[in-house]
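1. Here is my input; please provide its structure:
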Amino acid sequence: MIDNTGWISLHRRIRSHWIWENPEYLKAWICILLEVNHEKNKVLIEKELIECDTGQSLHSLKSWAKLFGKKWTIHKVRTFFILLENDSMIVREGLRKTSRVTVCNYESYQKTWQADGRQTAGRRQADGKLTATNNNDNNYNNDNKKKEEEEEEKSQKRFCPPTIEEIDSYVKAKGYKVNAERFFYFYESKGWKVGKNKMKSWKASVATWNTKEESSACNENDKNRNKYGKSNTNFRAVSPDTAKQQRQAEFTSHIAKKLGIDDQSEIWNSNGDPENF
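-> Numbers count the residues shown, from 1 in each chain. This is a model prediction of the structure:
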């Protein structure tokens, strides 16, 4: 049963975000924000107790597709999650029996705003209603927006690139199939940028990199199946007798050409063995 209690906070800046341009993606993103935990708990999945922290949710891709709506498929969910990971909006971890999605900076969706633009922790009354806090952003002025931009810029400047050892240790801890040195030198050459934006979380980028590696491996397996599998109509199994006849014909043609013999039957004796020339 869907829990309709509680609330999340969305800033008006979302209207300038790429996700705003796609109604399906916007609805799915809000669904994720509503679905993740607002407090830490544990979930029992097939006799295994799994921790699920604040801002996290445990669902398979199939379950997310059902939550997002009828038009969503597992492939579409995976593509959407890769977009979110590339923009450092979520981190996805593949567990043995499910997957864990973590919303980056989830605490920013659990805060209200005062009229002067300062954030305050969301408080609740005994009946569960939000206390009277002015959430009208019409009172924002240009100075407040400038401060927010400066704070965001400072936050990006605080990013500290990891070492190869740190990346390798994190990859092993998560069980990812990522080459730490390749990852390091790739982003080192790009100034630790994701697209045109400064990287915010290298761990999120490692998770995205791992997803792409797994997808690439699956595509390679599909190519091999198409090349050698039963679905390839150009592939025909050859019996041992047929293979022997083919080799014999090739050998006969080669010897006849070398010796200038027109009648290739002269090469073979009555036992089907080549004569000694």
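2. Could you chop the protein up by domain?
-> Following automatic domain parsing, one finds the domains of the chain at 1-157, 159-222.
3. Including mean neighbour count and distance to His254, could the ones you listed go into CSV?
-> All C-beta atoms are positioned from the backbone trio N, CA, C, and that covers glycine. CSV is the format used below for those (neighbours: other CB atoms under 10 Å; distance: least, CB to CB, whole Å):
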stretch, mean neighbour count, distance to His254
domain 1-157, 14, 52
domain 159-222, 15, 37
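4. Of those, which shows the lowest average pLDDT?
-> Of all the domains of the chain, domain 1-157 carries the lowest average pLDDT, namely a mean of 74.
5. follow-up on the earlier one: can you add distance to Phe251 and give the domains of the chain back as JSON lines?
-> Listed next are those as JSON lines, based on distance: least, CB to CB, whole Å:
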{"stretch": "domain 1-157", "distance to Phe251": "51"}
{"stretch": "domain 159-222", "distance to Phe251": "37"}
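6. mind listing the strands in the stretch 1-150 of the chain by residue range?
-> 41-45, 48-52, 56-58, 90-94, 99-103, 111-113, 119-121 (DSSP state E, counting those that start in this stretch).
7. The stretch 151-277 of the chain too?
-> For the stretch 151-277 of the chain, the strands defined by DSSP E, counting those that start in this stretch occupy 193-194, 197-198.
8. right, and these - which one's nearest Val171?
-> strand 193-194 (18.0 Å; CB to CB).
9. before we move on, back to that, kindly reformat the strands of the stretch 1-150 of the chain as CSV containing distance to Leu26.
-> Putting the strands of the stretch 1-150 of the chain into CSV (distance: least, CB to CB, whole Å) gives the following:
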stretch, distance to Leu26
strand 41-45, 27
strand 48-52, 25
strand 56-58, 18
strand 90-94, 15
strand 99-103, 15
strand 111-113, 21
strand 119-121, 23
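10. who wins for proximity to Tyr185 among those?
-> Using CB to CB, these put strand 90-94 closest to Tyr185, at 22.5 Å.
11. Many thanks, I have nothing further to ask.
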